[in-house]
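Peer 1: Quick check, what structure comes out for this input:
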Amino acid sequence: MSYYTVAQLLHENSIDGSKPGPFCITPDQMTDEIWEDFFCDGPFPSPSPLAQEKADALKHEYSYFYPFDVCSSVKDLVPNHVTFCLYNHAAIFPIDKLPLSMHTNGHLMLNGKKMSKSLGNFLTLRDGINKFGADATRPSLADAGDGLEDANFEEKTANANILRVHTLLGWCEDIIKDEASLDSNDVFEHEMNELIKVTQSHYENMNYKDAVKLGFYEFQSARDWYREVTSDVGMHVDLPTSPNTSTPPSSSLTSIQLALGPTSKKAVDPTAPGLYMRETIKTICDAEASPLKMLQKVTGKKRPGEPAAAFDPKLPKSVRIYVATTFLEWEDSCVEAVKEAYNEQTDKVDDAKAFKFGAQMAFRRALPFSESQVLREILPYRKK
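Peer 2: Modelled structure (predicted):
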């Protein structure tokens, strides 16, 4: 692997070195002392068969790539290639040049079957890009699976992603045109920031299936839900999009290589009101659907001559939501009793196991956001 860092400087389009590279270095000039100089920071030989500036260029190229971040290989090579990669580096290179991580994965199936040229079930990466395009192939590969289990590339998924990416791109272009009419919303911004943070952690751990699930599919699901909730007032002005699909709408970028992923602009609060808002809306929808289900059930068993049901789904409906301003008396009594038995130094009470999130969390009963404010924000949606 270390040889790969300088191979393009030593020979050009010739594995045996018969055609020298841009530095015109011949094989006989690459003595053990020269290799020791830039691989292991050894002393530069004197006299030297290679000019100092050429040796420094090789050393600079090697130092740029080493230590490498990750060695990714198939699971079949763990007993030999991957293991000896570690052994060889430990035996030859200084400790600051050892591999930072090793990653193994399974094989790649195509449409649920093992790839086989003889059976015609075969697809190269170049063929996939030519057939589906890079924008659709990348999330499809990520969605195929991670880990030691064999991943499965589904052509149906890739075809669906062509339309999904095209639709998303068109929506992004429309949103950019109407940017002045967009509104701001803290709840949606928090949900975006949380998805960005979790997606980034999956990228760092090379869990690409989870990364594309959260950073691509759930981003759009959150967008769709927010778009429906705010259809009367408009969407957020700073909606983040994935870099792969946000490159074309932006005139300042000429290549995807220059596009960076979205970053969280605010600290993520795990107790933010997004979940409360969704649960409230779900409760209202369930309450609305429950009488209708009961009506259908009663109508099916209705006997001739019985009076009609009191509930008429065609009539306007209303809902009242109550927000308490104080806690119940028994809650105050229980918390005060626990607070008296709480030891601040040890952060424990007599039965610490009763506090799943720690004793301090039990004392903070007030929500970190205003329920009334959140309910007012979703008022246009609740009126539908």
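Peer 1: wait, doesn't Tyr342 sit right on Glu336?
Peer 2: No - at 10.4 Å, Tyr342 does not count as touching Glu336 under the criterion of Cβ atoms under 8 Å. (Glycine included, C-beta is placed from N, CA and C.)
Peer 1: neighbour-wise, which of those two wins?
Peer 2: Shown here are Tyr342 and Glu336; by other Cβ atoms under 10 Å, Tyr342 has more neighbours (18 against 10).
Peer 1: So for Tyr4, what's the nearest residue that isn't a sequence neighbour?
Peer 2: Phe65 (8.0 Å; Cβ to Cβ, 6 or more residues apart in numbering).
Peer 1: quick one: pLDDT of the one you found?
Peer 2: At Phe65, the model reports a pLDDT of 91.
Peer 1: Then Tyr381?
Peer 2: pLDDT, Tyr381: 60.
Peer 1: got it, and Glu340?
Peer 2: So, for Glu340, pLDDT stands at 78.
Peer 1: what mean pLDDT does the host helix or strand of His89 have?
Peer 2: Element membership of His89 [criterion: DSSP states H and E] is helix 83-92. Per-residue pLDDT over helix 83-92 has a mean of 92.
Peer 1: Which neighbouring elements make contact with that helix?
Peer 2: The criterion is 3 or more Cβ pairs under 8 Å, 6 or more residues apart in numbering; DSSP states H and E, and there are no helices or strands that helix 83-92 contacts.
Peer 1: For it, which residues meet the burial criterion?
Peer 2: Neighbour-count burial for helix 83-92 flags 85, 89 (criterion: 16 or more other Cβ atoms under 10 Å).
Peer 1: For that helix, report the contacting residues that lie outside it.
Peer 2: For helix 83-92, the surrounding residues in contact (Cβ atoms under 8 Å, 6 or more residues apart in numbering) are 1, 39-40, 71, 97-99, 102.
Peer 1: How far does stretch 1-19 stretch from one end to the other?
Peer 2: Stretch 1-19 has an end-to-end distance of 21 Å (Cα to Cα, to the nearest Å).
Peer 1: Sort out which residues of it are buried, please.
Peer 2: Those would be 2, 5-6, 9-11, for stretch 1-19 by 16+ other Cβ under 10 Å.
Peer 1: which ones among those are found in helices?
Peer 2: Judged by DSSP state H, helices contain the following of the buried residues of stretch 1-19: 5-6, 9-10.
Peer 1: From those residues, pick the one nearest Gly170.
Peer 2: Looking at these and their distance to Gly170, the nearest is Thr5, at 42.6 Å (Cβ to Cβ).
Peer 1: ok so, going back, hmm, which of the contacts of helix 83-92 are the buried ones?
Peer 2: Here, 16+ other Cβ under 10 Å leaves 39, 71, 97, 99 buried among the contacts of helix 83-92.
Peer 1: Closest one of these to Pro139?
Peer 2: Using Cβ to Cβ, the buried ones among the contacts of helix 83-92 come closest to Pro139 at Cys71, 24.7 Å.
Peer 1: What count of nearby residues applies to Pro291?
Peer 2: With other Cβ under 10 Å as criterion, Pro291 counts 15.
Peer 1: Sketch out the low-pLDDT regions of the stretch 51-200 of the chain for me.
Peer 2: 178-187 (pLDDT under 70).
Peer 1: what comes into contact with stretch 61-70?
Peer 2: 1-2, 4-6, 9, 38-39, 93, 96-103, 206.
Peer 1: Can you tell me which of those residues end up in strands?
Peer 2: Among the contacts of stretch 61-70, DSSP state E puts 102-103 in strands.
Peer 1: which one of the contacts of helix 83-92 sits closest to Asp56?
Peer 2: Nearest to Asp56, judged by Cβ to Cβ, of these is Phe39 at 13.5 Å.
Peer 1: so what's the closest one up against?
Peer 2: Counting by Cβ under 8 Å, 6+ apart, Phe39 makes contact with 2, 62, 92-93.
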